[in-house]
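Peer 1: here is the input, now give the coordinates:
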Amino acid sequence: MRALFNLDNIRLRNKFLIMYVLCVMIPIIITNVSFYQVTSNNVRDQRMRDIARALEQVKNEFRMKTEDAISISNVILPDHTLNDYLEREYSDPTEYVSEYDSYARKMLNSYMPVYTTVQNIRIYVDNPTLMHSGAIGYLSEEVKRTSWYQAIADTPSSAATFVRTSRENLMMPMDSSVMDTFSLVRRMNYFQDKNQWEKILKIEMRMPVIHQVFGNLNLTGYIYLLNQQGIIEYTTDPNVPWTTNQLRFSDLELPEDLIRFETVYDDLQYLRGWTLIGMISEEEVFQEVRKSREYVVWMAMINLLFSTIIIVWITRSMNVRLVRILRHMKKVKNQRFETIQEAESRDEIGQLTGEFNRMTLQIKSLIDDVYKADIQRKSLEIERRQAQLNALQSQINPHFLFNSLETIRMRSLIKREDETARIIQNMAIILRNSLTWTKDFVTVQEEIALIECFLGIQKYRFGDKLNYSITAEEAVLPCKLPKLSILPFVENASIHGIEPLKEGGTISIEVGLEGGMIVSKVSDNGIGMNEDKLNKLRSLAHEEVEMGDRIGVQNVIYRLRLYYGDAFAFEVNSEPMKGTSVVLTVPASSDSIPQ
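Peer 2: So this is what the prediction gives:
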């Protein structure tokens, strides 16, 4: 547990990052998320209350409009003169017209200019002596079959009933299939002792006023007015045919993203049980919430950005200078005594930089004064011993060997021993290339010529026991590669692969260009090698090995890796008594590839 919370092994930059995340970023995010939750809840609740309040206002305005009709009916019902006029039996139409013009017409039409919510006032009477025209209508069987009469048919009292009806037009017959207006219907039986005839008061509402009332809810949604049975009596939804059909609200298929607001009429006798429902889109409710969310997000981004800039500015001042000191300390470890060149500062890192510079200069001075003298003394000793070695080596002059071989070759030619002379010449060429190392790189053509010399000597030794073939593309001949890169593998194939065979074998050398790489393949059908030797040879291409005392496979691989690094590829395959195949791949230098 202690090691888990140990910060000593964490880099300084990561420590700053942890401190920033834990002390700045996470607190800011948590604070803003909490603030957003509280703010959005408050905004949403306030918006819901505003919508409910607006719906309640529509409810009250509609009630006020209906109360105008109630006020008119409350004046008409107890009117004794009007009741006598309706109950009287007239023998002469002239008498009826005179009574109608003198009182009924003026009385019934006087309310129209005052109450703008009233469209029409009409009294239906079954008194046959009246002239049924204008504001007086005949209570016929046809009228009794209407829905508004059926609503009060079983109600003997004069209680008001609010129903949806068709508009009455005295000039045209009434269309009972379209019920697009509201009417207040009451029985006129106020005077119990004077009810010879049945009298029904019907006050029709002005629908433009009703439309205006329900259109005041300036929200993205629709209003539904339902009666006690849940049937839609009015709605602002244009997709609902409420004027021609008896539709239940529960049967409507409404979108799922609507929020329901509801208020009930419970304080009026004639509207008791009616419900006003508002279906408002969630977009309308959460629009303000999104605005608050954008505000919170912008504030969080500004806080994060500002704090991030300040922290990055401060931590960079510390981290960059500490990394610079660490980089120069690594240079000192590699004996590069460079001082830190930067403006002097008075904080702790500036003091550390100054002390590092003084320490570096002191170490460099000590090395110059003490170790350099010792190194020079040892270098002189090494040079002296090298000179002695060169002197010993010079006692055996390579030219003496070359001259001796040339003398033997000439004697062989004189004695007409041409094959012996050719072999001695090949041997001299190989010996000269081995002893005189004036250049590290040779052309592929020069390397192949040296291989031919070596195989010529081996052919002289083994006769028909050894066969070989050399194939090289014309394009690869001018390309250069390290000296003696292929020959050691040809030597291994001859000595370790073919020589142990009783019946002999064949060595094949193929050199070509593939994708800018020199590919050399040396294969034989000799005795091969077992799995252990094969794995050991393959490991030379990957393990770090030192160069040996003689030029062999190990040294070739070491030199090629030294020259080409990862660009060098070495592949070897072998099976016992089936032979060995070696493939070398090295890059062809751009100046050696023919255009």
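Peer 1: contacts and neighbour counts: CA atoms only from here.
Peer 2: Noted.
Peer 1: what are the ranges of the helices in the stretch 251-400 of the chain?
Peer 2: 282-333, 348-366, 372-394, 398-414 (DSSP state H, counting those that start in this stretch).
Peer 1: right, I mislabeled it, should have said the stretch 401-550 of the chain
Peer 2: Using DSSP H, counting those that start in this stretch, helices in the stretch 401-550 of the chain cover 418-435, 444-462, 487-492, 531-539.
Peer 1: now do the contacts for the nearest residue to Val264 once chain neighbours are set aside.
Peer 2: If the residues on either side of it in the chain are set aside, Val264 comes closest to Thr275, at 4.4 Å by Cα to Cα, 6 or more residues apart in numbering. Residues near Thr275 by Cα atoms under 8 Å, 6 or more residues apart in numbering: 225-228, 262-265.
Peer 1: let's see that with 10 Å instead.
Peer 2: Thr275 is in contact with 59, 224-233, 262-266, counting by Cα atoms under 10 Å, 6 or more residues apart in numbering.
Peer 1: over to Ile76?
Peer 2: Residues in contact with Ile76 (Cα under 10 Å, 6+ apart) are 70, 82-83, 107-108, 188, 190, 201.
Peer 1: which PyMOL command selects the buried ones in the residues you listed?
Peer 2: Buried residues among those (16 or more other Cα atoms under 10 Å), as a PyMOL selection:
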select buried, resi 70+82+83+108+188+190+201
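Peer 1: could you export the contacts of Ile76 as TSV, including pLDDT and secondary structure?
Peer 2: Below are these laid out as TSV (pLDDT from 0 to 100; DSSP: H, G, I helix; E, B strand; the rest coil):
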residue	pLDDT	secondary structure
Ile70	86	helix
Leu82	82	helix
Asn83	83	helix
Met107	71	helix
Leu108	72	helix
Met188	85	coil
Tyr190	81	coil
Leu201	88	strand
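Peer 1: for the contacts of Ile76, which one is nearest Phe489?
Peer 2: For the contacts of Ile76, the residue nearest Phe489 by Cα to Cα is Ile70; the value is 120.8 Å.
Peer 1: for Asn530, which non-adjacent residue is spatially closest?
Peer 2: Nearest to Asn530 is Pro576, by Cα to Cα, 6+ apart, at 5.9 Å.
Peer 1: can you count the residues close to that neighbour?
Peer 2: Using other Cα atoms under 10 Å, Pro576 has 13 neighbouring residues.
Peer 1: that one against Glu531, yeah?
Peer 2: Yes. Counting by Cα atoms under 10 Å, Pro576 does reach Glu531; the two are 8.8 Å apart.
Peer 1: quick one: buried residues of stretch 248-265?
Peer 2: Those would be 249, 258-259, 261, 264-265, for stretch 248-265 by 16+ other Cα under 10 Å.
Peer 1: meant to ask about stretch 323-330, not that
Peer 2: Neighbour-count burial for stretch 323-330 flags 325, 328-329 (criterion: 16+ other Cα under 10 Å).
Peer 1: mind listing what the closest residue to Glu503 other than its chain neighbours touches?
Peer 2: Distances taken as Cα to Cα, 6+ apart put Lys465 closest to Glu503, at 6.3 Å, once the chain neighbours are dropped. For Lys465, the contact set (Cα under 10 Å, 6+ apart) comprises 458-459, 498-499, 501-506.
Peer 1: of the residues you listed, which is the nearest to Ala159?
Peer 2: Of all the contacts of Lys465, Ala159 sits closest to Thr506, with 127.5 Å by Cα to Cα.
Peer 1: for the closest one, give me the pLDDT.
Peer 2: Looking at Thr506, its pLDDT reads 93.
Peer 1: quick one: it from Asn530, how far?
Peer 2: Distance from Thr506 to Asn530, counting by Cα to Cα, to the nearest Å: 20 Å.
Peer 1: ok, those two, which is more surrounded?
Peer 2: Neighbour totals were compared for Thr506 and Asn530, and Thr506 leads with 18 against 12 (other Cα under 10 Å).
Peer 1: so what's that one bridging to?
Peer 2: Beta bridges link Thr506 to Asn467, judged by DSSP bridges.
Peer 1: send me stretch 82-89 as CSV with only the CA atoms.
Peer 2: The C-alpha trace of stretch 82-89 is given here as CSV (Å, rounded to 0.1, in the frame of the first residue of the first chain):
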residue,chain,number,x,y,z
LEU,A,82,-91.2,38.1,-21.0
ASN,A,83,-92.6,35.0,-19.4
ASP,A,84,-96.2,36.4,-19.8
TYR,A,85,-95.5,37.2,-23.4
LEU,A,86,-94.4,33.6,-24.0
GLU,A,87,-97.2,32.0,-22.1
ARG,A,88,-100.0,34.1,-23.7
GLU,A,89,-102.1,32.6,-26.4
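Peer 1: which residues does it contact?
Peer 2: By Cα under 10 Å, 6+ apart, the list of residues contacting stretch 82-89 from outside reads 76-77, 81, 96, 99-100, 103-104, 107-108, 123-130, 136, 188-191, 194-199.
Peer 1: would you mark the buried spots in stretch 19-38?
Peer 2: By neighbour count on 16+ other Cα under 10 Å, the buried set for stretch 19-38 is 20, 24-25, 28-29, 32-33, 36-37.
Peer 1: that older thread, emit the PyMOL select command for whichever of the contacts of stretch 82-89 are buried.
Peer 2: Of the contacts of stretch 82-89, the buried ones go into a single PyMOL selection, burial set by 16+ other Cα under 10 Å:
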select buried, resi 76+77+96+100+104+108+123+124+125+126+127+130+136+188+189+190+197+199
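Peer 1: flag the shaky bits of the stretch 351-500 of the chain, pLDDT-wise.
Peer 2: Scanning the stretch 351-500 of the chain with the threshold set as pLDDT under 70 gives 371-373, 375-377, 379-412, 414-422, 425-438.
Peer 1: switch to 90 and redo it
Peer 2: Filtered on pLDDT under 90, the stretch 351-500 of the chain yields the residue ranges 351-442, 446-447, 449-466, 482-485, 487-488, 491-492, 494-500.
Peer 1: can you check the stretch 1-150 of the chain too?
Peer 2: Across the stretch 1-150 of the chain, the ranges flagged by pLDDT under 90 are 1-123, 126-150.
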